[in-house]
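[1] got a sequence here, can you build the structure:
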Amino acid sequence: MTKSIPNILHILASIAFITIIGAAFYEHAAVVPAWSAAPPRSLSMFQGEYGLQAANFWKPVHPVAVLLLAAALIANWRQPGRKQLLIASGGYVLILVITAAYFVPELIAITTSAYSPAVSDDLTSRAKTWETLSLVRLGSLLILAIVLLYGLSVKTEQK
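    Presented below is the predicted three-dimensional model:
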C-alpha cells in the first residue's frame, strides 16, 4: 500500500467527521431553538406533509463516517497516528450508541407529540434537557475531532 493511501483515508474520515459536527452546529443554531421554544406548539416544523425530515441527512452520514474511520484505522494500523484514530473512532461509536439509546428516541417522542396551542411544561423541560445533553455530546465530538486531526500532525512530525 502506498504511503499516501493511509493519509488520504485519514483525511477523508476527518472530513466526514467534521461534516457531522458542522451539521450539528447548524441544527443547534437554527433548528433546535425553534422546535424547543414552546412545545408542542413549536413542533409544527416536524409535522404535516412538508415537515422537516432531518433523518434523511443523519441516517446516511453516520455509516459513511464510520466506514471511513474504519478504513482509515485499518490503513493506518502500523502508522503513527493510530492511537488518535482509535480514540476518535471508539469515542464516536460510543456517542452513536448513546445517540441511538437516548437522543433519537427522546427526540422522536418529543417532536411527534400532538399539536396543541398550549405549551407543555413537561415537553419544554424534556426539550431543554435534550438540548443541554446534546450540546455536551457536540462538545465531545469537537474534542474527538481535535484528537483525530492531531493524528494527522503526528504522522507529519514522524517523517
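
[2] tell me, what residue is most central in this protein?
    Nearest to the mean C-alpha position of the chain, counting by C-alpha atoms, centre = their mean, stands Ile20 at 5.0 Å.

[3] which helices and strands does the helix or strand where that one lies pack with?
    Element membership for Ile20 (DSSP states H and E) is helix 4-26. Using 3 or more C-beta pairs under 8 Å, 6 or more residues apart in numbering; DSSP states H and E, the elements in contact with helix 4-26 are helix 55-75, helix 82-98, helix 121-158. C-beta coordinates here come from the backbone N, C-alpha and C atoms, glycine included.

[4] next structured bit after the second one?
    Per DSSP H and E, helix 82-98 leads on to helix 104-111 as the next helix or strand towards the C-terminus.

[5] re the thing from before, out of the helices and strands packed on helix 4-26, nearest to Trp35?
    Nearest of those to Trp35, taken as C-beta to C-beta: helix 121-158 at 7.3 Å.

[6] relative orientation of that closest one and helix 4-26 in degrees?
    If you take axes from the mean of the first three to the mean of the last three C-alpha atoms, to 10 degrees, helix 121-158 sits at 150 degrees to helix 4-26.
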